[in-house]
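Trainee: Just the structure for this:
(chains A and B)
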Amino acid sequence: MNISFFEFISYGFVQRAFISGIFVGVLCSILGLFLVLRKLSLIGDGLSHVSFGAIAMGLFFGIYPIYFAIPVVIIASIFIVKLTKKAKIYGDTAIGIVSSVGLAGGVLLASASHGFNVSLLSYLFGNILAISASETYLSIALSLIVLATVYLLYYELFAVTFNEEQASVSGINSEKINLLLVVLTAITVVLSIRVVGIMLISSFFILPAVTALQISKGFKSAIFVSAITAILSVITGICISFYLDLPAGASIVIVNFILFLISFLWKKRM
Amino acid sequence: MENIVEVKNLNFNYGVAEVLKDVTFSIEKGDYVGLGGHNGSGKTTLVKIILGVLSSNSGDVFVFGQNVNKFKKWHKIGYLPQNISLFNPIFPATVYEVVSLGLISRKKFPRKITEEDEKIVDNALEELEIFNLKDRLISDLSGGQQQRVFLAKALVNEPELLILDEPSNTLDARTRNKFFNLLNDLNKKKGTTIILITHDIGHIGEHANKLLYLEKSVVFYGKLSEFCGSEKMEGVFGHESQHLICHQH
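Mentor: Residues are numbered from 1 along each chain as shown, chains lettered A, B, ... in the order given. Sure thing, here's the model as predicted:
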């Protein structure tokens, strides 16, 4: 495309894409670090499948799908935690159960409706360059709430992620912190749908975190590196998408993966 | 004398397997208790119940005079768990970050580490001679160094009760001696109450002034002098084992 970078960033839709992408990217990357270290990295994938079902339900009932998906995915995230505990099954099994039910529900509703398959497909792959102003405000507001929660409960999250038993002996309610982590993840998954699409959400959680784990020299530094990786990926991915006319979500993910490869090779050389 | 830990008629089962049966004892302020027993005798389970990590099937546990289920002053207790190497090996925490986690039990929401806290952490690192490791990743350290980091975390609050689960497993002979000298100092000079779990009962007499021997139930609890003079215990342990414990101190 034959326009300058400054002209490019002067477009309202591009500005909205950068703002939403950066907020959601930072959010995913920080929560992703806690999830990866807790071996819960696939919860993002599982909840994105639930969001597919929730969005299909929203479209079916004529309710704005993102607003409908937020409470449904939060309930599903709590259900995963409760199922793990009450049914005495591993977390990945509970994620598998909930995600497959969510996906199956979405497919059934899409099949029954005969009318909204095209709309549903747009949520599968996302389109950050088509984000509306109200979606941008929602992304900012919910991102700030989640980031403030992580900031205020940083030591609780750090302690439980490091060692749940020792956290309990420090007077931290590990069960409540675990529940909080999955609820924050649920909100973030729904926010990410328009940015990256249901199919690629888990990469937003995993790739910046594993990049940070290659090169970080401490937990705070890992959070910082993870967030910077996400920001770099979003900015570079959107630019590549615009200038090369490629899908934005997939471009961001590929940039994320390249940054992971660089960090991995750099660590190996050290 | 104030009771630091009081356990009354405690029973605990894992499913149908009986782990602890009618355990009753109390530990007074300043006691240095060696908690011995064979593998699977219930030592670690007992400690986890005292720490509120596990809930008993029946019976009562009081810590600093309060039921453990309602206990909030966790900064009074330092805990060095068994198998410290079981933490996630890819976890990117520095020694400083791990030891500072020990301070959060005394903090209220929102928990933050201040500059003053950093000095407290530095002092704990210096006391255990690991200040030079402050900015190193915990996963990059040897087993003995990791052990000292976790001990620094347990001691950073200057706890009134220190519980150590098989602490000398990964230590070399020199570090081990220094480690136990430090515990003796804490007990004698600061009056710290210590519960030292070990399956190696030969070492209990070397350090502790009381022995709690567990085989699901309490086999013996009392002063070492009582243990050493007891013909009943000679019958239970055999002359050689009793002699080994009694002549270490």
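
Trainee: From the contact counts, what lies against the helix or strand of chain B with the lowest mean pLDDT?
Mentor: Within chain B, confidence by mean pLDDT, DSSP states H and E is lowest for helix B:239-246 among all helices and strands, at a mean of 73. For helix B:239-246, the packing partners by 3 or more Cβ pairs under 8 Å, 6 or more residues apart in numbering or on different chains; DSSP states H and E come out as helix B:204-207, helix B:224-228, helix B:231-237. Backbone N, C-alpha and C define where each C-beta goes, glycine included.

Trainee: can you tell which of these is closest to A:S122?
Mentor: helix B:204-207 (69.2 Å; Cβ to Cβ).

Trainee: Next, the buried residues of that closest one.
Mentor: Along helix B:204-207, these residues count as buried under the neighbour rule (16 or more other Cβ atoms under 10 Å in any protein chain shown): B:204-205, B:207.

Trainee: now swap in stretch B:67-86 and tell me
Mentor: With burial defined by 16+ other Cβ under 10 Å, the residues of stretch B:67-86 counted as buried are B:68, B:71, B:74-81, B:84.

Trainee: Then stretch A:14-34?
Mentor: By neighbour count on 16+ other Cβ under 10 Å, the buried set for stretch A:14-34 is A:14, A:16-34.

Trainee: ok, which stretches of the stretch 101-250 of chain A are helices?
Mentor: With DSSP state H, counting those that start in this stretch applied, the stretch 101-250 of chain A shows helices at A:117-125, A:133-152, A:154-162, A:164-169, A:174-196, A:201-215, A:219-244, A:248-269, listed in chain order.

Trainee: any chance of the ones you listed in JSON lines, plus mean pLDDT, distance to B:L155 and mean neighbour count?
Mentor: Formatted as JSON lines, the entries for the helices of the stretch 101-250 of chain A read as follows, by pLDDT from 0 to 100; distance: least, Cβ to Cβ, whole Å; neighbours: other Cβ atoms under 10 Å in any protein chain shown:
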{"stretch": "helix A:117-125", "mean pLDDT": "79", "distance to B:L155": "53", "mean neighbour count": "15"}
{"stretch": "helix A:133-152", "mean pLDDT": "93", "distance to B:L155": "28", "mean neighbour count": "16"}
{"stretch": "helix A:154-162", "mean pLDDT": "96", "distance to B:L155": "17", "mean neighbour count": "23"}
{"stretch": "helix A:164-169", "mean pLDDT": "91", "distance to B:L155": "14", "mean neighbour count": "20"}
{"stretch": "helix A:174-196", "mean pLDDT": "93", "distance to B:L155": "23", "mean neighbour count": "23"}
{"stretch": "helix A:201-215", "mean pLDDT": "96", "distance to B:L155": "29", "mean neighbour count": "26"}
{"stretch": "helix A:219-244", "mean pLDDT": "96", "distance to B:L155": "21", "mean neighbour count": "21"}
{"stretch": "helix A:248-269", "mean pLDDT": "94", "distance to B:L155": "34", "mean neighbour count": "18"}
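
Trainee: Output those as a markdown table; include the columns distance to B:I163.
Mentor: As requested, the helices of the stretch 101-250 of chain A are arranged in a markdown table below (distance: least, Cβ to Cβ, whole Å):
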| stretch | distance to B:I163 |
| --- | --- |
| helix A:117-125 | 52 |
| helix A:133-152 | 30 |
| helix A:154-162 | 18 |
| helix A:164-169 | 9 |
| helix A:174-196 | 19 |
| helix A:201-215 | 32 |
| helix A:219-244 | 26 |
| helix A:248-269 | 38 |
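
Trainee: Tabulate the ones you listed (a markdown table), appending distance to chain B.
Mentor: Below are the helices of the stretch 101-250 of chain A laid out as a markdown table (distance: least, Cβ to the nearest Cβ, whole Å):
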| stretch | distance to chain B |
| --- | --- |
| helix A:117-125 | 31 |
| helix A:133-152 | 4 |
| helix A:154-162 | 4 |
| helix A:164-169 | 5 |
| helix A:174-196 | 10 |
| helix A:201-215 | 6 |
| helix A:219-244 | 5 |
| helix A:248-269 | 12 |
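
Trainee: closest to B:I195 out of these?
Mentor: Using Cβ to Cβ, the nearest of the helices of the stretch 101-250 of chain A to B:I195 is helix A:164-169, at 13.4 Å.

Trainee: one step back: so of the buried residues of stretch A:14-34, which ones are in helices?
Mentor: Here DSSP state H is the test, and the buried residues of stretch A:14-34 give A:14, A:16-34 as lying in helices.

Trainee: Out of the helices and strands packed on helix B:239-246, the one nearest chain A is which?
Mentor: Among these, the nearest to chain A by Cβ to the nearest Cβ is helix B:204-207 (22.8 Å).

Trainee: tilt between the next helix or strand along the chain from the closest one and helix B:239-246?
Mentor: Using DSSP states H and E, the next helix or strand after helix B:204-207 towards the C-terminus is strand B:210-215. Relative orientation of strand B:210-215 with respect to helix B:239-246: 140 degrees, computed using axes from the mean of the first three to the mean of the last three Cα atoms, to 10 degrees.

Trainee: export strand B:210-215 as PDB, just CAs?
Mentor: Extracted in PDB, the C-alpha atoms of strand B:210-215 (Å, rounded to 0.1, in the frame of the first residue of the first chain):
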ATOM      1  CA  LYS B 210      12.400 -33.300  73.300                       C
ATOM      2  CA  LEU B 211      11.500 -36.300  71.100                       C
ATOM      3  CA  LEU B 212       8.100 -36.900  69.600                       C
ATOM      4  CA  TYR B 213       8.100 -40.400  68.000                       C
ATOM      5  CA  LEU B 214       5.200 -41.100  65.700                       C
ATOM      6  CA  GLU B 215       3.900 -44.300  64.200                       C
END
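
Trainee: strands paired with that strand, and their directions?
Mentor: As defined by DSSP bridges, the strand partners of strand B:210-215 come to strand B:32-36 (parallel), strand B:217-223 (antiparallel).

Trainee: Can I get these in TSV including mean neighbour count and mean pLDDT?
Mentor: Conversion of the strands paired with strand B:210-215 to TSV gives the following (neighbours: other Cβ atoms under 10 Å in any protein chain shown; pLDDT from 0 to 100):
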stretch	mean neighbour count	mean pLDDT
strand B:32-36	25	93
strand B:217-223	17	92
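
Trainee: mind listing what residue 94 touches?
Mentor: Since no chain was named, I'll use chain A. By Cβ atoms under 8 Å, 6 or more residues apart in numbering or on different chains, the contact list for A:A94 reads A:80-81, A:83-84, A:87.

Trainee: To clarify, I was referring to chain B.
Mentor: Residues in contact with B:T94, defined by Cβ under 8 Å, 6+ apart, are A:217-219, B:134-138.

Trainee: and if you look at A:V150?
Mentor: When contacts are counted by Cβ under 8 Å, 6+ apart, A:V150 is found next to A:30-31, A:157, A:184.

Trainee: and what of B:G238?
Mentor: Listed by Cβ under 8 Å, 6+ apart, B:G238 has no contact partners.

Trainee: what about the closest residue to chain B within the stretch 1-150 of chain A, neighbour count?
Mentor: Sorted by distance to chain B under Cβ to the nearest Cβ, the residues of the stretch 1-150 of chain A start with A:L37, at 5.9 Å. Neighbours of A:L37 under the rule other Cβ atoms under 10 Å in any protein chain shown: 21.

Trainee: swap in B:L20?
Mentor: Burial of B:L20, expressed as a neighbour count using other Cβ under 10 Å, amounts to 25.

Trainee: again, but for the one 10 residues further on
Mentor: B:G30 has 17 neighbours, counted by other Cβ under 10 Å.

Trainee: Tell me the spacing between it and B:L162.
Mentor: Taken as Cβ to Cβ, to the nearest Å, the spacing of B:G30 relative to B:L162 amounts to 12 Å.
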